[in-house]
Every structure is written in C-alpha cells, then in structure tokens.
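In: mind folding the following:
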Amino acid sequence: MNKQALRIGLARHFPVSVPWPTGWRTSAELQAWRAHYDIAEVNPFPVADETPRWSRCYTSDLPRAETTARALFRGEITRFPTLREAEFGPFGTGELRLPVWAWRMVIRLAWLSGHASQRHLRDAFFTRVKAVADLIESQNEEVLLVSHAGMMLYLRKELIRRGFHGPRIGIAKHAQVYEMTR
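Out: Residues are numbered from 1 along each chain as shown. This is a model prediction of the structure:
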C-alpha cells in the first residue's frame, strides 16, 4: 500500500438544537429522541473557511454534518453515509424506565461487550470505520471529513493503527478541524 505523506482533517458537526433527554425514559423513548435528533437543526456559529487547506470534503449525509461541511468548505462536498454516527438498537424492556444516565451506561456496556441486541450495529459500525480509512488511503489526497463525535473517535484510532499521527480527540469540539498526518 502506498504510504506517502497524507493529511486528513476531521471535524464534528455544529451543536444540535435538540437538547439531550433527561429524566426517566423507556428504550422506545430514547429511540424516538434519536430519530428526532438525527433530523434536527443546528446552532451554527462563525468558522474559518477551510477550503484552501483541503482537496476534497466528505460529509455524513445527516443534516447536522452537511450544514457544518458547507460552512467549513466552499467547494464540492460529497455526501458519504458511511460517516454516520454509531447507532444503538432498542432493548426489549417494554415500559421499563431508567434515568438517561443509566441508559447511557447500559447502551455503552451492551454495545462494547457485543450483547446480542447491539452486536450487529457495533460490527457494522466498525466495518464503516475501516471503509472510511480505506477510502482515505485510496484517495491519497488532503481530505476534510465532517462527521460525528463517535465516528471521529474510532476513525482516529483506526488511522493511528495505520500509521497516522494527530491530536487526542476525546469528545470532539463542534466544527473544529483536527488534523491527522502520515
């Protein structure tokens, strides 16, 4: 595989106008909130024009990422559904209500441990992460990717595994470009 110098920009979407849920919720209520979140408007703010720094721009096809990509990059933008955030599946818990913080822990543990309710979503997500890294390497261009916090976290790990270097991201700041190089 050709490993000549390569520079990649990773950016998270603008903040979303839909607040995180609070209180006690059912699994179905969290699924409904997620569907609403995925189509919600963003709260944009002024950002630098990144166009001169990048040859191409790919964005998740969700509205929050597309809006952010158009603010950061003035050229042609390619919608790339593979850049979507990881999903979580419903739990067959009926009307069981838990605090949202508890659901977040349950979802994270089920997802990371490969629980049957989440395994197919987790595996599909990791396949998408590798597909994005493959695309980056095959393009061999300076590319800006506008995506979501979870995708950025795992994509960074995959790029590090492939010989890239860059800052630790953790939970990425909104509309900030994090640069990875190899």
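In: only C-alpha atoms from now on, for both contacts and neighbour counts.
Out: OK.
In: what's the helix or strand harbouring Ala71 packed up against?
Out: Assigned by DSSP states H and E, Ala71 falls within helix 63-72. Where contact means 3 or more Cα pairs under 8 Å, 6 or more residues apart in numbering; DSSP states H and E, helix 63-72 is packed against helix 27-39, strand 56-59, strand 77-79, strand 143-147.
In: beta-bridge partners for Ala11, please?
Out: Beta bridges link Ala11 to Val146, Val177 when assigned by DSSP bridges.
In: just checking, it touches Leu145?
Out: Yes: using Cα atoms under 8 Å, Ala11 is in contact with Leu145, at 6.2 Å.
In: what's the closest of the helices and strands packed on helix 63-72 to Gln118?
Out: Gln118 lies closest, by Cα to Cα, to one member of those: helix 27-39, at 13.0 Å.
In: show the pLDDT at the residue of the chain positioned farthest from its centre.
Out: In the chain, Glu95 marks the outermost C-alpha relative to the chain mean, sitting 29.7 Å out by Cα atoms, centre = their mean. pLDDT for Glu95: 93.
In: highest average neighbour count across the helices and strands packed on helix 63-72?
Out: strand 143-147 (a mean of 28; mean count of other Cα atoms under 10 Å).
In: show me what that strand is in contact with.
Out: Contacts with strand 143-147, where a contact means Cα atoms under 8 Å, 6 or more residues apart in numbering, come from 7-13, 54-60, 65-66, 68-69, 83-85, 136.
In: what's the following helix or strand after it?
Out: For strand 143-147, the following helix or strand on the C-terminal side (DSSP H and E) is helix 149-161.
In: and the angle for that next one with strand 143-147?
Out: Interaxial angle, helix 149-161 versus strand 143-147 (axes from the mean of the first three to the mean of the last three Cα atoms, to 10 degrees): 140 degrees.
In: CA-only coordinates of helix 149-161 in CSV, if you can.
Out: Provided in CSV are the C-alpha atoms of helix 149-161 (Å, rounded to 0.1, in the frame of the first residue of the first chain):
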residue,chain,number,x,y,z
ALA,A,149,-18.0,12.5,17.7
GLY,A,150,-18.2,8.7,17.9
MET,A,151,-17.1,8.2,14.3
MET,A,152,-14.2,10.6,14.8
LEU,A,153,-13.1,8.8,18.0
TYR,A,154,-13.0,5.4,16.3
LEU,A,155,-11.7,6.7,13.0
ARG,A,156,-8.8,8.4,14.7
LYS,A,157,-8.0,5.1,16.4
GLU,A,158,-8.1,3.3,13.0
LEU,A,159,-5.9,6.0,11.4
ILE,A,160,-3.4,5.7,14.3
ARG,A,161,-3.3,2.0,13.7
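In: in contact with the residue minimising distance to the centre of the chain, which residues?
Out: The chain has His148 as the residue nearest its centroid, 2.4 Å off, counting by Cα atoms, centre = their mean. Residues counted as contacts of His148 (Cα under 8 Å, 6+ apart) are 11-13, 60, 65, 83-85.
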